[in-house]
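1. curious how this folds, go ahead:
(2 chains)
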Amino acid sequence: MSEPTQAPLIRARELKKLYRKGMFGRGGFPALDGVSIEVGRGSVFGLLGPNGAGKTTMVKIFLGLVHRTGGEVELFGQDCADPALRRRIGYLPEAHRLPGYLTGRQMLRLFAQMSGCETSEIDDRIEKQLAQVGMREAAGRKISEYSKGMQQRIGLAQALIHEPELVFLDEPTDGVDPVGRMAIREIVLELKHKGVTLFLNSHLLMEVEMICDRVVILSRGKILRQGTMSELTPRTGSVRFELKSVPADLATLLAGIGTALVPQENGFELALNDEELDRCIDKLRSAGVSIRAVLPRKLSLEESFVGMLKGEGGPR
Amino acid sequence: MNKPILRALYLDAYYQVLDNKVFRILALLVCPIILLTFVIGFRPEGIVLFWGMKTISYAEFAGWFGQHIGADSKDVNLAFIQNVQHLIVDQLAGNVGILLSLAATAFFVPRMLEKGAADVVFSRPVGRATLLLARYLAGVLFVGMLGAVLVIGMHMGFLIVSGASDPAFLWSILTLTYVFALVHAVSTVVAVFSRSSVAALLTSVLFFSFNGCVQSKAWIWLEWGRARAEAARAESGDAAPEGKLDLDEGTAGLFTHTLDVLHFTLPKTSDADLIVVKLRTLVSGEKELLRDGPGSLVLHSSPPPYVYSPPPGEADLAHEPARWSWSGAAGAECTLTLRRESRLVDKPGEKPRKRSSAEYARDCMSALKGQPGGDVPERSKIQEQRIELEFVAWGETREARKLAHAKAWFCSGDWAYVLELEGETAALPGDFARDRLRELSQSFLIDRDDPRYMDPVAWYTHRLDWDAPLRHNIFFSVGSSVLFALLLLALAAWKLRRIDF
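-> You can find the predicted model right below:
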């Protein structure tokens, strides 16, 4: 796996977007309100947030699909408004609609050419991408005949056909069955190993947790929290003990050690500090209890995410 | 933009057109029309069905519709082919075909701008304006391909089965595409602003109809009316301002000035057919039997059985009159001569005055009265055709032969044409003269820039030229129409750049 380099590939400063309403553009609502992020080369960046938080707007500003109201955005060290930059970018939009009058192969050829690929390389690239997303057999059929899952796979192929350095994936596993989802996840991991910078926008927090190096949580157009995965999923202070057999006098045995004892099947959970952890293990061992595992409990990304939103007032 | 991107945009347009159901339906509709040109031949000997299984003479065919064909058969053959081509391509495809094509292509741009579709397309390294232009050209390609299939197919059919087809007919591909390109620009701009196929379709169809009414009907008639009034004033010596008509003043003036503004700003779609007529003439040339330059008299062919004797081509009828001989049943025969003379009357101290054909006839009547040996002269008019004739006919009996005489006059500019008849007949001289004069003068055409001798469309066709003044100039017509389309496309591109997808 290649290490992320220090120079940021995406740099957004005080990014603002106000969607105006009405004929004279008065009023409206701020989709993004002073967001600043940096994404390093070769990293996998997760963007989380409730519906309407501004995630898709942010991605679309990077791609020139939406005009920013304020702030600065640099991709590859240049202003993102330059269309030529998009030769180096792949994008799989949420709820995309690919041209139904084309076959999968024709569509890939079209987008490869539009992305400026060399004609001599296109055939090889198409076959490679079709194989990667498992769409070789259906590549001769019209896209309008594809199922939702097939459209998602061929959509991913079009995002990668020109071998971009930066890939924006907006809900890449949306509508895909579990097997397909796993296949897409494997493709994303392969890209990560190749050093491609990935910007993942997903509601599936487990997916984000498994893949991303760094996450930003957006809410109401502002950054609620950002950090590495370990920063966003801290230890809770509880430790789970898995035992060979649970003694009947567990509460008496551990009296005075830690707090909030929760007996569980094959063990228990207890909130304690490091010194208390040592004492707890000693007590159990001296009582002849066989310990199979001691697991410090961390918050899941989902718990962390929901907790943050609840603290912030919940989604709009 | 590099080559692969251009190729991609072209292929995208091509696939989109081929996938279009309306395109397939139109292509199927075009096939039977082409097929007909392969099974019905317009040969010099007549209309040949199924490669010779049955032949219908042109006279018989015309008789079914109560018409009479008098021109020689070679010309009839070509005239039939040209008329069928004009009917199918200029009228049917140029109106109904374009409306159907507008319906078929109205969704091209709105579909590209739909949520989801736009994200994929506009996130590519291609400018929005380029993508819009590619979609616009896809629509133009749609009509260009259909037009090419129809026109080339018919041309081949006529060439192979009828043995003749005017190569200038191929210009029609360009005309159809040009007219559609102008109207499709309206559809494109509405599509970008509304992002609705229905709005784009309705607006472009309404525009096509309205613009057609303005350009081909209202404005041409207005111009023709102005020119007629101006010509009449010039004739009567009235010094009214040039080009002014009563309609240009008061409340009516508001209407006529609005028409002028609409004409100058909107694309001149109806000029396309007329320009093609010009191009056809330019390429194939116009066959004339006789042309008398000063009076602009043109004769394309003599009606049978009139036989024209002087050599064909440019003539000066003031010095060498044209002659025809005619022979009928029961020994009836006559000769006709046509000469030109000035009709300007100079009086000292006065502006020169033009004599009318009625004055000529009146003077002739006066001169004939009291002449010994002749019947009472009869004065009459032939009004129901392009050229109005005033004529005087009288009979004479000489050595037991009944002779008929007639003199007829018609005017063109400063000139009067005098047609004289002399012959032998058993019929009444007045009736005999009327029939012969009518038959022959039907072939005459005053090919001059004068609305009094032409219907509005013929006059406008004549006026519209490569070196005409601005309002009737072909380059202005095409240039301003293309500019209109370009402005609309620029407006659409400007709007598209501002859209947040």
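2. how about residue A:84: what's its closest non-neighbour residue?
-> Excluding the flanking residues, the one nearest residue A:84 by Cβ to Cβ, 6 or more residues apart in numbering or on different chains is residue B:125, at 5.5 Å. C-beta coordinates here come from the backbone N, C-alpha and C atoms, glycine included.
3. next, count neighbours for that neighbour.
-> Per other Cβ atoms under 10 Å in any protein chain shown, the neighbour tally for residue B:125 reads 20.
4. look at it and give its secondary structure.
-> Secondary structure state of residue B:125, per DSSP: H, G, I helix; E, B strand; the rest coil, is coil.
5. can you read off the pLDDT for it?
-> Predicted confidence (pLDDT) for residue B:125: 90.
6. give the next helix or strand downstream of the helix or strand hosting residue B:457.
-> Using DSSP states H and E, residue B:457 maps to helix B:456-463. Using DSSP H and E, the next helix or strand after helix B:456-463 towards the C-terminus is helix B:474-498.
7. quick one: residues contacting whatever residue of the stretch 201-316 of chain A ends up closest to chain B.
-> Using Cβ to the nearest Cβ, the single residue of the stretch 201-316 of chain A nearest to chain B is residue A:201, 12.6 Å away. With contacts defined as Cβ atoms under 8 Å, 6 or more residues apart in numbering or on different chains, residue A:201 is in contact with A:46, A:47, A:55, A:56, A:59, A:94, A:168, A:169, A:170, A:171.
8. dump these to a markdown table, plus neighbour count and pLDDT.
-> Compiled in a markdown table, the contacts of residue A:201 are given as follows (neighbours: other Cβ atoms under 10 Å in any protein chain shown; pLDDT from 0 to 100):
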| residue | neighbour count | pLDDT |
| --- | --- | --- |
| A:46 | 25 | 92 |
| A:47 | 26 | 92 |
| A:55 | 24 | 91 |
| A:56 | 23 | 91 |
| A:59 | 22 | 94 |
| A:94 | 18 | 89 |
| A:168 | 27 | 95 |
| A:169 | 28 | 94 |
| A:170 | 22 | 92 |
| A:171 | 21 | 88 |
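9. possible to save those residues as a markdown table with distance to residue B:359 and secondary structure?
-> Shown next, in a markdown table, are these (distance: Cβ to Cβ, whole Å; DSSP: H, G, I helix; E, B strand; the rest coil):
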| residue | distance to residue B:359 | secondary structure |
| --- | --- | --- |
| A:46 | 100 | strand |
| A:47 | 95 | strand |
| A:55 | 92 | helix |
| A:56 | 87 | helix |
| A:59 | 88 | helix |
| A:94 | 88 | coil |
| A:168 | 90 | strand |
| A:169 | 93 | strand |
| A:170 | 89 | strand |
| A:171 | 92 | coil |
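10. could I get those residues as CSV with distance to residue B:428?
-> Formatted as CSV, the contacts of residue A:201 follow (distance: Cβ to Cβ, whole Å):
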residue, distance to residue B:428
A:46, 108
A:47, 104
A:55, 100
A:56, 95
A:59, 97
A:94, 94
A:168, 97
A:169, 99
A:170, 96
A:171, 98
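11. for chain B, what are the nearby residues on chain A?
-> Proximity of chain A to chain B (Cβ under 8 Å from any Cβ of the partner chain) is limited to residues A:19, A:60, A:63-67, A:83-87, A:89, A:91, A:93, A:95-99, A:101-102, A:106, A:109-111, A:113-119, A:155, A:158.
12. hmm, which of these are the buried ones?
-> Buried by 16 or more other Cβ atoms under 10 Å in any protein chain shown: A:60, A:63-66, A:83, A:85-87, A:89, A:91, A:93, A:96-99, A:101-102, A:106, A:109-111, A:113-117, A:155, A:158, out of the residues of chain A next to chain B.
13. could you list the contact residues of the stretch 201-350 of chain B toward chain A?
-> Residues of the stretch 201-350 of chain B lying close to chain A (Cβ under 8 Å from any Cβ): none.
14. where does pLDDT dip in the stretch 201-350 of chain B?
-> Along the stretch 201-350 of chain B, segments meeting pLDDT under 70 span B:235-247, B:280-287.
15. can you pull out the helices in it?
-> Here the stretch 201-350 of chain B has its helices, by DSSP state H, counting those that start in this stretch, at B:219-236, B:250-265, B:271-284.
16. same for the second one, what does it pack against?
-> Other helices and strands packing on helix B:250-265, by 3 or more Cβ pairs under 8 Å, 6 or more residues apart in numbering or on different chains; DSSP states H and E, are helix B:219-236, helix B:474-498.
17. mind listing residues that contact the longest one?
-> By Cβ under 8 Å, 6+ apart, the surrounding residues in contact with helix B:474-498 are A:67, B:109, B:113, B:128-129, B:132-133, B:136, B:181-182, B:185-186, B:188-189, B:191-193, B:264-269, B:271, B:275, B:278, B:464-466, B:468, B:470.
18. buried sites along stretch A:251-259?
-> Residues of stretch A:251-259 classed as buried: A:254, A:257, A:258 (neighbour count, 16+ other Cβ under 10 Å).
19. start and end of that stretch, how far apart?
-> Stretch A:251-259 has an end-to-end distance of 11 Å (Cα to Cα, to the nearest Å).
20. residues in contact with that stretch?
-> Under Cβ under 8 Å, 6+ apart, the answer for stretch A:251-259 is A:247, A:261, A:263, A:270-273, A:276, A:279-280, A:283-284, A:287, A:289.
21. let me have the helices of the stretch 201-350 of chain B in JSON lines, adding distance to residue A:196 as columns.
-> Shown next, in JSON lines, are those (distance: least, Cβ to Cβ, whole Å):
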{"stretch": "helix B:219-236", "distance to residue A:196": "62"}
{"stretch": "helix B:250-265", "distance to residue A:196": "53"}
{"stretch": "helix B:271-284", "distance to residue A:196": "54"}
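22. around the residue of the stretch 251-400 of chain B found nearest chain A, how many other residues sit close by?
-> Using Cβ to the nearest Cβ, the closest approach of the stretch 251-400 of chain B to chain A is made by residue B:265 at 26.0 Å. Neighbour count for residue B:265, taken as other Cβ under 10 Å: 11.
23. grab the nearest non-local neighbour of it.
-> Nearest residue to residue B:265, sequence neighbours excluded (Cβ to Cβ, 6+ apart): residue B:484, at 7.0 Å.
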